[in-house]
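Peer 1: here you go, sequence then predicted model.
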Amino acid sequence: MTSTWERGQSGEKKASAFLTGKGHIIIATNFRLSIGEVDIISERDRILHFCEVKTWRTVPMEGLEQSVSRRKRQRIQSCASEFLRRSPGFDGYGIVFDVLFVDSGSGEITHIENAWTTSDVW
C-alpha cells in the first residue's frame with residue numbers, strides 16, 4: 001500500500017511527463033517558499049504554467065475546477081509572483097494557472113489549462 005505522499009510524488013512525475021509530451025519544458029518542480037508551493041512550473045510558447053497536481057484514486061468529473069481552494073490558489077499565485085521576481089529571464093512571458101488531476105488507479109490525466117485567473121482569487 002502506498003502512502004499519500006508516495007502517491008502524490010508518483011502523480012507529479014506522471015504529470016511532468018504528460019506536460020513534456022505536450023511540448024512543455026519543465027522549469028521547476030516542488031518550488032517551495034514559506035508562503036506555499038507550486039508543484040510544477042513549465043514553459044511552452046513563452047507562457048509559464050504554474051501547475052497544481054492532484055493525485056486521487058478516482059477523479060470526480062464534476063467541479064474539478066473548484067477542487068483547489070481559494071486559499072491554495074492565493075498561495076500558488078504568491079509563489080508565482082516570487083518566482084517571477086527571482087527569475088528576470090522570464091520577463092515578458094505570459095502566465096497561467098493549471099490544474100492536473102492524476103487518477104492513481106488508471107493513470108489517466110485530466111489537464112485544466114488556465115483553471116483560474118488572478119481576479120478569481122483576490
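Peer 2: Great, that's in hand.

Peer 1: for the rest of this, base every contact and every neighbour count on C-alpha atoms.
Peer 2: Fine.

Peer 1: partner residues bridging the most centrally placed residue in the chain?
Peer 2: Residue closest to the average C-alpha location in the chain (C-alpha atoms, centre = their mean): Cys51, at 1.3 Å. Here Cys51 sits in beta bridges with Ile40, Asp98, as judged by DSSP bridges.

Peer 1: my read is that it contacts Val99, right?
Peer 2: Yes: at 5.5 Å, Cys51 counts as touching Val99 under the criterion of C-alpha atoms under 8 Å.

Peer 1: strands of this structure, start to end?
Peer 2: 25-33, 36-44, 47-56, 94-103, 109-116 (DSSP state E).

Peer 1: turn the ones you listed into TSV, columns for distance to Gln9.
Peer 2: Shown next, in TSV, are those (distance: least, C-alpha to C-alpha, whole Å):
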stretch	distance to Gln9
strand 25-33	10
strand 36-44	10
strand 47-56	9
strand 94-103	11
strand 109-116	14
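
Peer 1: output the lowest mean pLDDT helix or strand found in this protein.
Peer 2: helix 118-121 (a mean of 61; mean pLDDT, DSSP states H and E).

Peer 1: if we can go back for a sec, give the contact list for the residue nearest to the centre of the chain.
Peer 2: Cys51 sits next to 38-42, 97-100 when contact means C-alpha atoms under 8 Å, 6 or more residues apart in numbering.

Peer 1: repeat that for Cys79.
Peer 2: Contacts of Cys79 by C-alpha under 8 Å, 6+ apart are 31-33, 35-38.

Peer 1: fine by me, we can end here.
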